[in-house]
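Trainee: Attaching a predicted model along with its sequence, questions to come.
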Amino acid sequence: MISMTNVSYKILNKAILNTINLNIPVGKIIGLAGENGAGKSTLLRLMAGIIQADQGSILLDGQRLTHQNATSIAFLPDTDDFYPYFSGRHLFQFYQSQFADFNIAKANEIAAFLEVNLQQKISTFSKGQRGRLKMAVTLGREVPYYFMDEPFSGLDPMVRESLIKGLIKYTDAETQTIVLSTHELYEVEPILDALLLLKDSKVIAFDTLEEIREEWQQDAVSWMKKQYRKD
Ligand SMILES: Nc1ncnc2c1ncn2[C@@H]1O[C@H](COP(=O)(O)OP(=O)(O)OP(=O)(O)O)[C@@H](O)[C@H]1O
């Protein structure tokens, strides 16, 4: 479980995240939504231990989140920062050298499932191929937490569908937690357990999909629009 208490983060005195209080339970797939600039990437980077909060506390399974214990979190960035001369195979070898939890057999299986050519240089990959490779290398790590920053952004519907299938096939719904930011709510909604909504640097709603469908009688997109108007 990840617990955030009164977490705030500023850049040059501008509040990027303001007094965030939330618990991310184990064994759930949580969508992180909100308009551009709401703070989704920043929240994921804080939860992954990549950046440090200015105020408040972040606990990972009861311990203060540090660079040391953040190794149980695999982070998929929204950027494509690869060494240009790397092939997918080189990237897997690099991950193997960096992360004791990297399971190269699993990563190879996911790459085959997602139809990634590991021999090809990454600099010659299309955006969709880079998206698949990032998913394979991230899920190749056997960790309890996967935090993914817009894993489906800019990809065509077929690639998005295969990534969503891969996500379900290669994670354990009981023991692994996924938090992913997305603007593709229609497509991602079927696999989500809960949706966390950010607006103007604050969490304005965090509801399960069951609540959204049964209590609100809405789909995720209508719920999000309503929450935004209400706030
Ligand atoms: N390095 C930076 N310097 C100044 N401002 C920044 C920096 N990084 C982020 N911000 C600001 O922080 C706010 C939140 O950015 P963030 O990238 O977390 O939002 P987001 O919800 O992920 O947006 P998007 O949906 O567009 O990816 C934005 O107003 C952004 O301009």
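Mentor: Received the coordinates, thanks. Here the structure is a predicted model, which means the values were calculated and not measured.
Trainee: any idea how far residue 66 lies from the ligand?
Mentor: Distance, residue 66 to the ligand, by C-beta to the nearest ligand atom, to the nearest Å: 22 Å. Every residue, glycine included, has its C-beta placed from N, CA and C.
Trainee: Nearest residue to that residue in space, ignoring adjacent ones along the chain?
Mentor: Setting aside the residues directly before and after it, residue 66 is nearest to residue 49 in space (C-beta to C-beta, 6 or more residues apart in numbering), at 6.7 Å.
Trainee: Any stretches of this protein with poor pLDDT?
Mentor: By pLDDT under 70, the low-scoring segments of the chain are 231.
Trainee: The same query, at a cut-off of 90, please.
Mentor: Across the chain, residues meeting the criterion (pLDDT under 90) sit at 13, 66-70, 79-85, 153-156, 184-187, 200, 211-231.
Trainee: how about the residues of it near the ligand?
Mentor: 11, 16, 34, 36, 37, 38, 39, 40, 41, 42 (C-beta under 6 Å from any ligand atom).
Trainee: Would you check which pair of these lies furthest apart?
Mentor: Greatest spacing in the residues of the chain next to the ligand, by C-beta to C-beta: 11 and 34 (17.4 Å).
Trainee: Point me to the helix or strand that includes the most centrally placed residue in the chain.
Mentor: Central residue of the chain (C-alpha atoms, centre = their mean): residue 148, 1.9 Å from the mean position. If you go by DSSP states H and E, residue 148 is part of strand 145-149.
Trainee: what's the answer for residue 224, then?
Mentor: helix 220-230.
Trainee: quick one, helices of the chain?
Mentor: Ranges of helices in the chain, per DSSP state H, are 40-47, 88-98, 104-113, 127-139, 157-169, 185-188, 209-214, 220-230.
Trainee: mind giving me CSV with the ones you listed and columns for distance to residue 199?
Mentor: Formatted as CSV, the helices of the chain follow (distance: least, C-beta to C-beta, whole Å):
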stretch, distance to residue 199
helix 40-47, 11
helix 88-98, 35
helix 104-113, 34
helix 127-139, 27
helix 157-169, 25
helix 185-188, 15
helix 209-214, 16
helix 220-230, 6
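Trainee: Using CSV, lay out those together with distance to residue 119 and mean neighbour count.
Mentor: As requested, the helices of the chain are exported to CSV (distance: least, C-beta to C-beta, whole Å; neighbours: other C-beta atoms under 10 Å):
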stretch, distance to residue 119, mean neighbour count
helix 40-47, 31, 23
helix 88-98, 6, 16
helix 104-113, 11, 17
helix 127-139, 12, 23
helix 157-169, 20, 16
helix 185-188, 30, 16
helix 209-214, 40, 15
helix 220-230, 39, 15
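Trainee: out of those helices, nearest to residue 3?
Mentor: When those are compared by C-beta to C-beta, helix 40-47 sits nearest residue 3, at 10.3 Å.
Trainee: Next, the angle from the closest one to strand 145-149.
Mentor: 150 degrees (axes from the mean of the first three to the mean of the last three C-alpha atoms, to 10 degrees).
Trainee: Please list the outside residues in contact with helix 40-47.
Mentor: Outside helix 40-47, the residues that touch it by C-beta atoms under 8 Å, 6 or more residues apart in numbering are 2, 4, 7, 9, 16-17, 20, 24, 32-34, 51-53, 58, 65, 73, 75, 78, 147-150, 179, 181, 198.
Trainee: Try it again at 6 Å.
Mentor: With contact meaning C-beta atoms under 6 Å, 6 or more residues apart in numbering, helix 40-47 is reached by 2, 16, 17, 32, 34, 51, 53, 147, 149, 181, 198.
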